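1. sequence plus predicted model, see below.
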Amino acid sequence: MTETVSDTPGIMQDKSSQGRDPDSLLPRSPDKPLPQFKADRWGFPALLILALAMATISWQKWADLIVDYGQQVYIPWQLSQGEVLYKDLTYLHGPLSAYLHAFLFQVFGVGIMTLAWFNLGLTLALTGIIFYLTKGFADRLTAYLASLAYLGAFAFGQYALGGNYNFVCAYVYELSHGIILSLLAFLILASYLKQNSNSKLIGIGLLTGLIYLTKPEVFLATTSGLAFGLCWGIKNSKPKSRPQSIILFLMSALIPPILFLIYFSIHMSTHEAAKAILSPWLNIFNSQLTTLPLYEWVMGFNDPFGNLWKMFLYGGTFVLVYAGLILINNRYPTEKAFQFPIVILLGMSWGGICVFAFYSFLNFLELARPWPLLVLAFGLYLAYKSWSTGKRLSSRDIGLLSFILFAFVLTFKMILNFHIYHYGFALALPATLALIILVTHHIPQWVQNHSENPWFMRAAGSALLIIFIGSHTVFSYRIYEFKGLSVGSPRDLILDYHDFVNPRGQIMNAALQFIENNFSRGENFITLPDSIMLNYLARRKHPIKDTILSPPLWKIAGDAGVLKQLEEASSPYIVFVDREFPYFGEKHFGKDYGNETFLWVQSHYELIQQFGPTPFTGQGFGIQIYKLKISTSSNDQT
């Protein structure tokens, strides 16, 4: 006979059950199953239609022609040609995405569409990850709505005239790839919590190591959530296997960074290789970067009291809307058939009032302001619910709490100015998924536990969410309508803004044509201060290590460092491309920063062609092409 012990009243436990689903050892949850909609009838078709629609309206419009994205294609191109990151090319982020894309260029050919097709595949994969992750935390209805929210508001979003803030052509792929890897890690964690497995633990460890090679803020948030979940999972494993589990996870997590360390050590000293692996972390502690106006705006510290007011204003609006819905649900319970039309009428009236107030007084792009507070409240509610009922948390609850902790820590970078545009296209996604679980599952569950029919609350929450998704989808569509001017070759085609919006696409085309017709084969050029896309589209190397020289990078390199690189490169051409940086506190190159470099170029190079207005004068986008003076070139050679 098998010996049994009982730790929980009414539950006879087998000693051999160690490592099985921990939920099977717990008392049943007092929560009743929620009423289910037949979501499969509309869910998958809706996902497919929305994915195709968003891909169609945004096709080849994802990237920004001037800002940021040039580095995301230029660096992999150079790596595929044999250059080494951090040694030959300055980069402020982890190496994972750059080397992954370099591999794709080597296999499938260099081209923006090579990266676009790959990341479209990742977008579809992430849709599946989100579906199964949220389904495990809630149910199929929630999973379909969460996937719709990702496709409609995040994956292809465009909420400003600047591009790059989407999952197809991200301004920094390390951010989007880090989020994808993190959500996959939490999906595997949810499975690990139900049934301990060394293979799952190794998978989580490897993903953690890969996430380290992306962006520090993503790694910090992910490890915070994973640590909470893994501690619970390892605690519920066999006591003798706990040290082994910890070592297995840590060793797995170290494998990706160590492999990159070995690779860099082949091309540079061990000290420099270690510094390369740590460089993204060193940058986040650089006070010259963290005090820039852009990052103060992103975090909301530029106007803390004003941003706090908005956070509580939008948070109060959320509470008011749901208080009204709960009041309607309690006053007219929908189990009485004759009251059903009354509930629908009241719900529609309340919805109309909310929509009117929303469009009259609130900005829908600011709806995410209270997300950090709401996510925190959701996590505290789950913890309190367990404590107040005296029930141990199930593996499902632990997995959800781990995910909520991850989502909450990730909000810190935008803590007082939370939004889903700009950096929020990736940073706000986990918090949004957590709140979708709250409004479509846990609030209706709470209503049901208090002897009320949750049908109306589920329908109301789903309807509000669909309005949220639809509003963002329509806004992106209207922005994408402004784009349609072709720039670059078919493999590198970018559809930029029409001339009546911004003439930069036409000017870039003219500059590319001039370079093609007048530069000798193999003649390269330096682009200042920050438009490496021109080098990439022209397939001309940027002869200095710093591929971007915007004010933050200038603070690191300094005028003396940049001048030294320019003198050593002795590039036959230097190209000025107009960029303004008011969000960095230094608007114009040559006036607000880089003055010595600007004057050095003027004295050593002569202007041979100009397209559009004179750059850095505030008159509009323009490009100037300078050629090294013959006398200067001769003196340098002498």
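-> Looks like it came in fine. Numbering: from 1, shown residues only.
2. average pLDDT across stretch 122-139?
-> On average, the pLDDT along stretch 122-139 is 96.
3. how about residue 74, what does it touch?
-> Neighbouring residues of residue 74 by Cβ atoms under 8 Å, 6 or more residues apart in numbering: 532, 533, 535, 536, 542, 547. Glycine gets a C-beta too; all of them are placed from N, C-alpha and C.
4. and if you look at residue 432?
-> Applying Cβ under 8 Å, 6+ apart, the residues contacting residue 432 are 149, 153, 154, 368, 371, 420.
5. and whichever strand or helix holds it, how far from the chain's centre?
-> Assigned by DSSP states H and E, residue 432 belongs to helix 429-437. Centroid separation for helix 429-437 versus its chain: 14 Å, with Cα atoms, centre = their mean, to the nearest Å.
6. give me the mean pLDDT for the next helix or strand after it.
-> Next helix or strand after helix 429-437 toward the C-terminus (DSSP H and E): helix 443-449. Per-region confidence: helix 443-449 scores 84 on mean pLDDT.
7. other SSEs contacting the very next helix or strand once past helix 443-449?
-> For helix 443-449, the following helix or strand on the C-terminal side (DSSP H and E) is helix 455-480. Packing partners of helix 455-480 (3 or more Cβ pairs under 8 Å, 6 or more residues apart in numbering; DSSP states H and E): helix 40-58, helix 140-149, helix 304-331, helix 340-361, helix 443-449.
8. identify the residues contacting residue 85.
-> Residues in contact with residue 85 (Cβ under 8 Å, 6+ apart) are 75, 79, 91, 95, 98, 99, 276.
9. now list the buried members of the residues you listed.
-> With burial judged by 16 or more other Cβ atoms under 10 Å, the buried subset of the contacts of residue 85 is 75, 79, 91, 95, 98, 99, 276.
10. hey, C-alpha coordinates of stretch 99-107 in PDB?
-> C-alpha atoms of stretch 99-107 as PDB (Å, rounded to 0.1, in the frame of the first residue of the first chain):
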ATOM      1  CA  TYR A  99      24.000  39.700 -34.700                       C
ATOM      2  CA  LEU A 100      20.700  37.900 -35.300                       C
ATOM      3  CA  HIS A 101      19.900  40.300 -38.200                       C
ATOM      4  CA  ALA A 102      23.500  40.100 -39.500                       C
ATOM      5  CA  PHE A 103      22.900  36.300 -39.800                       C
ATOM      6  CA  LEU A 104      19.700  36.900 -41.700                       C
ATOM      7  CA  PHE A 105      21.500  39.300 -44.100                       C
ATOM      8  CA  GLN A 106      24.100  36.600 -44.700                       C
ATOM      9  CA  VAL A 107      21.500  33.900 -45.400                       C
END
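11. pLDDT on it, on average?
-> Mean predicted confidence for stretch 99-107 is 97.
12. now that stretch, how far from the centre of its chain.
-> Chain-centre distance of stretch 99-107: 21 Å, with Cα atoms, centre = their mean.
13. quick one: low-confidence ranges for the protein?
-> 1-33, 35-37, 286-288, 290, 332-362, 388-391, 451, 631-638 (pLDDT under 70).
14. what segments of it are strands?
-> For the chain, the strands defined by DSSP state E occupy 4-8, 11-14, 483-487, 494-497, 525-528, 573-577, 605-611, 623-628.
15. quick check: residue 213 touching residue 260?
-> Yes - Residue 213 lies in contact with residue 260 (Cβ atoms under 8 Å); the separation is 6.5 Å.
16. any residues in contact with both of those two?
-> Counting by Cβ under 8 Å, 6+ apart, the contacts common to residue 213 and residue 260 are residue 95.
17. between these two, tell me which one has more neighbours.
-> Taking neighbours as other Cβ atoms under 10 Å, residue 213 and residue 260 compare with residue 213 leading, 25 against 21.
18. roughly how far apart are that one and residue 259?
-> 10 Å (Cβ to Cβ, to the nearest Å).
19. before we move on, back to that, ranking the strands of the chain by burial, who's on top?
-> Using mean count of other Cβ atoms under 10 Å, the stretch among the strands of the chain with the largest mean neighbour count is strand 525-528, at a mean of 26.
20. which elements pack onto that one?
-> With contacts taken as 3+ Cβ pairs under 8 Å, 6+ apart, strand 525-528 sits against helix 533-538, strand 573-577.
21. looking at those, which is nearest to residue 523?
-> If you check each of these against residue 523 by Cβ to Cβ, strand 573-577 wins as the nearest, at 6.8 Å.
22. okay, the angle between that closest one and strand 623-628?
-> With axes from the mean of the first three to the mean of the last three Cα atoms, to 10 degrees applied, the angle from strand 573-577 to strand 623-628 works out at 160 degrees.
23. each with direction, which strands does strand 573-577 pair with?
-> Sheet pairing of strand 573-577 (DSSP bridges) gives strand 525-528 (parallel), strand 623-628 (antiparallel).
24. save these as a markdown table, and put in distance to residue 296 too.
-> Below are these laid out as a markdown table (distance: least, Cβ to Cβ, whole Å):
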| stretch | distance to residue 296 |
| --- | --- |
| strand 525-528 | 26 |
| strand 623-628 | 31 |
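25. who wins for proximity to residue 330 among these?
-> Between residue 330 and those, the tightest spacing by Cβ to Cβ is seen for strand 525-528, at 63.7 Å.
26. give me the neighbour count for the closest residue to residue 229 other than its chain neighbours.
-> Distances taken as Cβ to Cβ, 6 or more residues apart in numbering place residue 402 nearest to residue 229, at 3.5 Å, with adjacent residues excluded. Residue 402 has 27 neighbouring residues, counting by other Cβ under 10 Å.
27. isn't residue 402 up against residue 223?
-> No - between residue 402 and residue 223 there is no contact under Cβ under 8 Å: 10.9 Å.
28. hang on, the earlier thing: just want the angle from the helix holding residue 432 to helix 304-331.
-> Helix 429-437 runs at 20 degrees relative to helix 304-331, counting by the same axes, to 10 degrees.
29. next, the buried residues of helix 429-437.
-> For helix 429-437, a neighbour-count test (16+ other Cβ under 10 Å) marks 429, 430, 431, 432, 433, 434, 435, 436, 437 as buried.
30. ditto for stretch 583-592
-> Residues of stretch 583-592 classed as buried under the neighbour-count rule (16+ other Cβ under 10 Å) are 584, 586, 587, 588, 589, 590, 592.
31. how about those residues, which pair is most distant?
-> 584 and 590 (14.8 Å).
32. for the buried ones among the contacts of residue 85, give me JSON lines that also has distance to residue 48.
-> JSON lines is the format used below for those (distance: Cβ to Cβ, whole Å):
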{"residue": "75", "distance to residue 48": "34"}
{"residue": "79", "distance to residue 48": "36"}
{"residue": "91", "distance to residue 48": "37"}
{"residue": "95", "distance to residue 48": "35"}
{"residue": "98", "distance to residue 48": "32"}
{"residue": "99", "distance to residue 48": "33"}
{"residue": "276", "distance to residue 48": "43"}
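33. from those residues, which is closest to residue 298?
-> After measuring the buried ones among the contacts of residue 85 against residue 298 - Cβ to Cβ - the closest member comes out as residue 91, at 20.3 Å.
34. quick check: chain neighbours aside, which residue is closest to residue 118?
-> Spatial nearest neighbour of residue 118, chain neighbours left out: residue 104 (5.7 Å); criterion: Cβ to Cβ, 6+ apart.
35. do residue 596 as well
-> Counting by Cβ to Cβ, 6+ apart, residue 596 lies nearest to residue 559, which is 4.4 Å off, once chain neighbours are set aside.
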